[in-house]
Structures are given as structure tokens and as C-alpha cells.
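Asks: please find the sequence and the predicted model below.
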Amino acid sequence: MEALVVQNLSVAYDKKTVLESASVSVPTGHLAAIIGPNGAGKSTFLKAVLNQLPNKVGNVAILGKAFSPKSLQVGYVPQRNAVDWDFPTTAIDVVLMGRYGHRGLFKRPTKNDRALAMEALSSVGMQDFADRSIGQLSGGQQQRVFLARALAQNAEIYFLDEPFAGVDAATEKTIIDILKNLKAQGKSIFVVHHDLQTVKEYFDYTILLNKTILAAGKTEEVFTPDKLQQTYGGKLFIMEAM
């Protein structure tokens, strides 16, 4: 079974096409980067895949099925700027949201739910901040909490929108170590990523996107100077490390 199959996915805002006829098929068990220049439609692609945009056309299958927001198999970590950090809730309550699908929205969390939530917080080094308001956390701490929420869900496939943006080096290492561990468990992970210098180190699969998907495959085959120049419109300075 493929982790993700996208066929002719297009999105337009105010009659302006943001994503056009994007198609890709990705096997399960990969840690995949979605990369491309600013304004290329990377976040739009992720939201369209997760059926968050009404103005889209095309077909998407996640683990062989059309996506449902109630799916327990799919975990999502949005960009930090998409979250209301002034909402009066604690870190542990945010992580417990990852358990809603297992028990129902209006049922009280069980002891097992709380134990799993604390385990998820511990895995991202945030167990000592369980009762802290999310608005009092640093950017990196907030990102760790939202990753913990996805982990508490115990999904099979994860989508993360720029999880390393605005975090410190320690948080970035924590996050990538967790993602690599998920991959080792056979999970599938898709990450919108902007730092080209870490692509080869972090990801075994790469999707190149600029308004449409230009290439996708194993990182060593796709992350090449020629394909990057094509994706970034010739405006890319290729580091020697590549």
C-alpha cells in the first residue's frame, strides 16, 4: 500500500492558481521532505492533501483511502503561526487532544489517555511543563508540545508543516530524532522543509515542488543540482556540500 497517492491536485485562490496538476505516489515507511522556493505551494499542498481547502480539485488517497478528519491513522502538526497561542489551555491538555479520536470529543480522558499523553510529553522533553499554559512556552517548546499531541494519537502517517521553523538547535535535534524513530517503526512522515543543507542528513525521500510536483523519489536520486535548479528557477546557490 502507498502512504500517499495524489492525482492532478490543483488549488486556486481568487482565480489565481497556487497548485496545478500535482501528482505523486509515495510508498510507506519513508521520512519525506517537501521542498521548494517560497510561495511554491508547499503548505497549500499539505492542506489540500488533508482536505482543509474547499477550493481544490483532484484525487488524494492516504494509506489507500480518502482522508477523513476523524482518521486515527493521520497525525498533523501545523505551522506555529496557524495556532492561537493565547487560548487558555495547558501543555497536557493540548497533548490530550491527540486522544480525542480514541475516546470521543466529549468523553473525559481516561487514566490510560493521561499516561500516554505524559509519555508523549516525556519523549519530547516537556514532561516538566505539563501544567504550563501554552502561551507561556517558548516557540521551540510550543512546537515540541504539538509534536507530542501527534505522537499521542499513535498514527501511521504524519504530516508536519515546517516543524523546524524558529526553533533552537536542541529542539530541532529532538524533533528529527523522533521523526527518524517513527520511520524506524515503519511509519510514514511528510515534512515541509526549507533548509536545503539538512535535506540529505534528515530525509531518505524528497518531493520537489514549485506550483506542481517536479520530481519525487529517493533523496540521493532527486536532490541533485540540476533538479534543484529546475525547482528554484535558477535562483539557487548550490552549496558544495550538496
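Replies: Right, received. Where do you want to start? Numbers count the residues shown, from 1 in each chain.
Asks: could you list every helix and strand in contact with the helix or strand in which L4 is found?
Replies: If you go by DSSP states H and E, L4 is part of strand 2-13. Judged by 3 or more CB pairs under 8 Å, 6 or more residues apart in numbering; DSSP states H and E, strand 2-13 is in contact with strand 16-27, helix 42-49, strand 56-62, strand 188-192. Using the backbone N, CA and C atoms, a C-beta is placed for each residue, glycine as well.
Asks: show me which positions of stretch 44-55 end up buried.
Replies: Residues of stretch 44-55 classed as buried: T44, F45, L46, K47, A48, V49, L50, L53 (neighbour count, 16 or more other CB atoms under 10 Å).
Asks: what does stretch 128-135 contact?
Replies: 85-92, 94, 118, 121, 137, 141-142, 145 (CB atoms under 8 Å, 6 or more residues apart in numbering).
Asks: show me the domain layout of this structure.
Replies: Domains of the chain are assigned by automatic domain parsing as 1-69+156-242, 74-154.
Asks: adjacent strands (with direction) for the strand holding L4?
Replies: Sheet partners assigned to strand 2-13 using DSSP bridges are listed as strand 16-27 (antiparallel), strand 56-62 (antiparallel).
Asks: the longest one vs helix 42-49, what angle?
Replies: Between the axes of strand 16-27 and helix 42-49, defined by axes from the mean of the first three to the mean of the last three CA atoms, to 10 degrees, the angle is 70 degrees.
Asks: between helix 42-49 and the very next helix or strand once past strand 16-27, find me the angle.
Replies: Counting by DSSP H and E, the next helix or strand C-terminal to strand 16-27 is strand 31-35. Here strand 31-35 runs at an angle of 120 degrees relative to helix 42-49 (the same axes, to 10 degrees).
Asks: I'd like the average pLDDT over strand 31-35.
Replies: Taken as a whole, strand 31-35 has a mean pLDDT of 97.
Asks: before we move on, the earlier item: just give me the closest of the contacts of stretch 128-135 to Y100.
Replies: Nearest to Y100 among those is V94, at 11.4 Å by CB to CB.
Asks: confidence score at the closest one?
Replies: Value for V94, per-residue pLDDT: 91.
Asks: measure it to A148 for me?
Replies: As judged by CB to CB, to the nearest Å, V94 and A148 stand 8 Å apart.
Asks: who's more crowded, these two?
Replies: A148 (29 against 22; other CB atoms under 10 Å).
Asks: got phi/psi on the more buried one?
Replies: The phi/psi pair for A148 (degrees, to the nearest 10) reads phi -60, psi -40.
Asks: so what's it up against?
Replies: A91, V94, V95, G98, A117, A120, L121, S123, V124, M126.
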